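Novice: Provide a 3D model corresponding to the input given below.
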Amino acid sequence: MAIMHPEDIENYKHTGSELKLYNELKTQLPDKDHVFFSVRWFDKVDGQRIDSECDFLVFDPGFGFLTIECKGGQDLLIDNNHWSLVERNDKGEVSTRELKRSPFAQAESSMRYFYDYFQNEFLQTFNGVYGFAVALPFYSIEQKLESAADQSLIIDIRHMSDLAHRINEIFHYWKGKRNNRVPFSADQKQRFITLVNKRISISAAAGALIPIKNKEFEKINLVQDSIIDFLANYPQVQIVGGAGTGKTFMAIKKICRELALQHSVLYICRNRALSRFVECQCNNHRNLKSYNFDDYLDELLGTKDKRSDKSIFDLIDEIKHDYYDAIIVDEAQDFSLDEALAIRLFLRNEKESCLYVFYDKNQNLFDLNFEDVFGIDAKPYILRYNIRNTGEIYNYATRTTGLGYETQANQLLGVVPEIKKYKSRIQALTIVSQILNRLIQKEYVNTESIVILSDQLYEDSLFSGEKKIGEYDVRLNINDSRENSILFASVSEFKGLEADIIIYLKNNGDAEKDGALRNRENYVACTRARYYLYVLEKN
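Specialist: Residues are numbered from 1 along each chain as shown. Prediction:
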């Protein structure tokens, strides 16, 4: 059984012919083969971005790769080099749809793209066999295309019961054409698999997987709704989960439920950007107060330098303040016992009012002794499935920090993060500039999809004082949406948030942090990346 990417195509938009070919490739090809479905790629023609797609890419480590264009319908016609697909709808009505170009030309374009992509990425010639084919799983066109295309490159209904043999024949066809005598090394084989997974991850960051992710989120929404329904009769609950398990989105769902009941709600976290994000997600509802905890204290008590030596609990207890029907605490591991008890003072009813506490001890960046500080007796509900990061990103985060093994990684495999070594500030700037240029100009990733994270604040980092990195302005405000700019944030400033691509800058100034705290910081930083992660380390 072949290794399939993705493991299933339930969430993908696919035709009946693509589903048929997917299943047959999966069951008939040997387990050494990799099959990639619906790989999006981008090119530029006359200055305009052109979006293209490779229906199937088959990689055989004994040969190389084939790109396959799959066509459904019930017949394929050609007239003076104009190609048409004959289709029948659910009512049995037959129609003819003109194709923009030959399916052989489409398959060949994808082949050329991946061959060139390999050379540009690794600066070496691809020494394996490379070729293309066209699949027509539901019919045969034995005689019709002899003058327009080589029959040796067609997979039709006659071959579907012995697909492995047909794929092997096509590889041999191209091997004879290429006459390449240079060995296809093990290193090149692994590099090609990495390359295709990178193409998938980068195209996801460029928007190619939005419809697929939306379908996944529909399922996740149902699961999260079910959890909230299950906990409806429990007013005070703790929910624990590793990075990327959907804690903040569950918090937002609970807030919306409470707002729908006309309840007053307080959302509290430690991150100003996160509190603003939640407020926006809830449409700035008048019954919601969303605060960074320190800002809320300033509003209630005045500036910090005016506070007495009393505990925060005592200070809050002594003043008039608002009460809330529901309090949602996010990133609760960031709160001390004194702060947690002070937050409980805002409950309208100590026992009956809603208190939902979301936390992950692995993300404790303030090195607090978090242990049931919110006084909720019931054991926490556990979220185990990572829904944010690709599998390789999350596995890298756990492997390098020793944290988060209790969370199950995402089935979307993705690519192992790229580690870049630098020796100086100038070299670090050059590396990041090159990464940005490649992502934005060559891979067509939007600047809003990329975030530079640092283990130090901007003013203490290697990039301090830099207004531009390469061709792009540096912005420090998460809410700043200037065009042609890249967000720079510290790990603590970005905790609870996420981006498609993270460039993580590890400065050479964290010697004062103990190993456990440094691991938690690295875990948080790496798990902010949905699809692709670069890590810059001092050499």
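
Novice: state the helix or strand in which the nearest residue to residue 281 once chain neighbours are set aside lies.
Specialist: In this structure, residue 281 finds its nearest non-sequential neighbour in residue 252, 5.1 Å apart by C-beta to C-beta, 6 or more residues apart in numbering. Using the backbone N, CA and C atoms, a C-beta is placed for each residue, glycine as well. Per DSSP states H and E: residue 252 is located in helix 247-260.

Novice: so which elements touch the next helix or strand after that helix?
Specialist: Later in the chain than helix 247-260, the nearest helix or strand by DSSP H and E is strand 265-269. Judged by 3 or more C-beta pairs under 8 Å, 6 or more residues apart in numbering; DSSP states H and E, the packing partners of strand 265-269 are helix 247-260, helix 272-281, strand 288-292, helix 293-301, strand 326-329.

Novice: the ones you listed into a markdown table, with extra columns for mean neighbour count and distance to residue 441?
Specialist: Shown next, in a markdown table, are those (neighbours: other C-beta atoms under 10 Å; distance: least, C-beta to C-beta, whole Å):
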| stretch | mean neighbour count | distance to residue 441 |
| --- | --- | --- |
| helix 247-260 | 20 | 33 |
| helix 272-281 | 18 | 28 |
| strand 288-292 | 20 | 36 |
| helix 293-301 | 16 | 39 |
| strand 326-329 | 25 | 42 |
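
Novice: looking at the ones you listed, which is nearest to residue 179?
Specialist: Residue 179 lies closest, by C-beta to C-beta, to one member of the helices and strands packed on strand 265-269: helix 247-260, at 55.0 Å.

Novice: export that closest one to CSV, keeping only CA atoms.
Specialist: Output in CSV follows, covering the C-alpha atoms of helix 247-260 (Å, rounded to 0.1, in the frame of the first residue of the first chain):
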residue,chain,number,x,y,z
LYS,A,247,-8.3,26.3,23.8
THR,A,248,-8.8,30.0,22.7
PHE,A,249,-11.4,29.1,20.1
MET,A,250,-13.3,27.0,22.7
ALA,A,251,-13.1,30.0,25.0
ILE,A,252,-14.6,32.2,22.2
LYS,A,253,-17.4,29.7,21.7
LYS,A,254,-18.2,29.7,25.5
ILE,A,255,-18.2,33.5,25.5
CYS,A,256,-20.6,33.6,22.6
ARG,A,257,-22.9,31.1,24.4
GLU,A,258,-23.0,33.3,27.5
LEU,A,259,-23.5,36.5,25.5
ALA,A,260,-26.5,34.9,23.7
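
Novice: mind checking how far that helix is from the chain centre?
Specialist: 23 Å (C-alpha atoms, centre = their mean, to the nearest Å).

Novice: can you check what angle separates it from strand 288-292?
Specialist: Orientation of helix 247-260 against strand 288-292 (axes from the mean of the first three to the mean of the last three C-alpha atoms, to 10 degrees) gives an angle of 150 degrees.

Novice: what packs against helix 247-260?
Specialist: helix 210-230, strand 236-241, strand 265-269, helix 272-281, strand 326-329, strand 354-359.

Novice: identify whichever of those lies nearest to residue 485.
Specialist: Of all the helices and strands packed on helix 247-260, helix 272-281 comes closest under C-beta to C-beta, at 15.9 Å.

Novice: any stretches of the protein with poor pLDDT?
Specialist: Scanning the chain with the threshold set as pLDDT under 70 gives 47, 92, 142-149, 205-218, 303-308, 370-371, 508-513.

Novice: quickly list the domain ranges of it.
Specialist: Structurally, the chain divides into domains by automatic domain parsing as follows: 3-208, 232-383, 391-538.

Novice: distance to residue 223 added to those domains, as CSV?
Specialist: CSV is the format used below for these (distance: least, C-beta to C-beta, whole Å):
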stretch, distance to residue 223
domain 3-208, 14
domain 232-383, 9
domain 391-538, 14
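
Novice: quick revisit: could you dump the helices and strands packed on strand 265-269 into a markdown table with distance to residue 406 added?
Specialist: Listed next are the helices and strands packed on strand 265-269 as a markdown table, based on distance: least, C-beta to C-beta, whole Å:
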| stretch | distance to residue 406 |
| --- | --- |
| helix 247-260 | 14 |
| helix 272-281 | 23 |
| strand 288-292 | 28 |
| helix 293-301 | 27 |
| strand 326-329 | 21 |
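
Novice: who's in contact with the helix holding residue 252?
Specialist: For helix 247-260, the surrounding residues in contact (C-beta atoms under 8 Å, 6 or more residues apart in numbering) are 220, 224-225, 227-228, 239, 241, 265, 267, 274, 278, 281-282, 285, 287-288, 325-326, 328, 330, 354, 356, 358-360, 383, 496.

Novice: apply 6 Å and report the result again.
Specialist: Helix 247-260 is contacted from outside by 224, 228, 241, 265, 278, 281-282, 285, 287, 326, 328, 330, 356, 358, 496, using C-beta atoms under 6 Å, 6 or more residues apart in numbering.

Novice: mind listing what residue 476 touches?
Specialist: Contacts of residue 476 (C-beta under 6 Å, 6+ apart): 458, 488.

Novice: okay, it and residue 127: tell me how far apart.
Specialist: Going from residue 476 to residue 127 by C-beta to C-beta, to the nearest Å gives 46 Å.

Novice: how close does the residue located most distally from the centre of the chain get to residue 539?
Specialist: Here the chain reaches farthest from its C-alpha mean at residue 318, the gap being 46.5 Å by C-alpha atoms, centre = their mean. Counting by C-beta to C-beta, the gap between residue 318 and residue 539 amounts to 55 Å.

Novice: going along the chain, name the helices of this protein.
Specialist: In the chain, the helices defined using DSSP state H lie at 16-28, 103-122, 163-178, 186-205, 210-230, 247-260, 272-281, 293-301, 312-317, 337-344, 391-401, 425-437, 491-494, 515-526.

Novice: wait, which of the ones you listed is closest to residue 410?
Specialist: When the helices of the chain are compared by C-beta to C-beta, helix 391-401 sits nearest residue 410, at 5.1 Å.

Novice: what does that closest one contact?
Specialist: With C-beta under 6 Å, 6+ apart as the test, helix 391-401 has contacts from 386, 404-405, 409-410, 413-417, 519, 522-523, 526-527, 529, 533.

Novice: and for stretch 451-460?
Specialist: With contact meaning C-beta under 6 Å, 6+ apart, stretch 451-460 is reached by 461, 476, 486-488, 490-491, 494, 499, 502-507, 509-510, 521, 525.

Novice: compare the helices and strands packed on helix 247-260 and give me the one nearest residue 424.
Specialist: helix 272-281 (30.7 Å).

Novice: not counting residues beside it along the chain, what's closest to residue 434?
Specialist: With C-beta to C-beta, 6+ apart as the measure, residue 470 is the residue that lies nearest to residue 434, at 7.7 Å, once sequence neighbours are left out.

Novice: OK, contacts around residue 330?
Specialist: Per C-beta under 6 Å, 6+ apart, neighbours of residue 330: 248, 251, 269, 358.

Novice: try it again at 8 Å.
Specialist: Contacts for residue 330 (C-beta under 8 Å, 6+ apart) come out as 247-248, 251, 267-269, 274, 278, 358, 496.

Novice: kindly state the beta-bridge partners for the residue lying closest to it once chain neighbours are set aside.
Specialist: Nearest non-adjacent residue to residue 330, counting by C-beta to C-beta, 6+ apart: residue 269, 4.2 Å away. Bridge pairing for residue 269 (DSSP bridges) gives the partners residue 292.

Novice: just checking, residue 389 touches residue 529?
Specialist: Yes: Residue 389 is within contact range of residue 529, at 6.3 Å (criterion: C-beta atoms under 8 Å).

Novice: looking at these two, which one has more neighbours?
Specialist: Using other C-beta atoms under 10 Å as the criterion, residue 389 and residue 529 rank with residue 529 on top: 32 against 27.

Novice: number of residues surrounding the residue nearest to that one when sequence neighbours are not counted?
Specialist: Leaving aside its chain neighbours, residue 529 sits nearest to residue 502 (3.7 Å; criterion: C-beta to C-beta, 6+ apart). Residues contacting residue 502 under the criterion other C-beta under 10 Å number 26.
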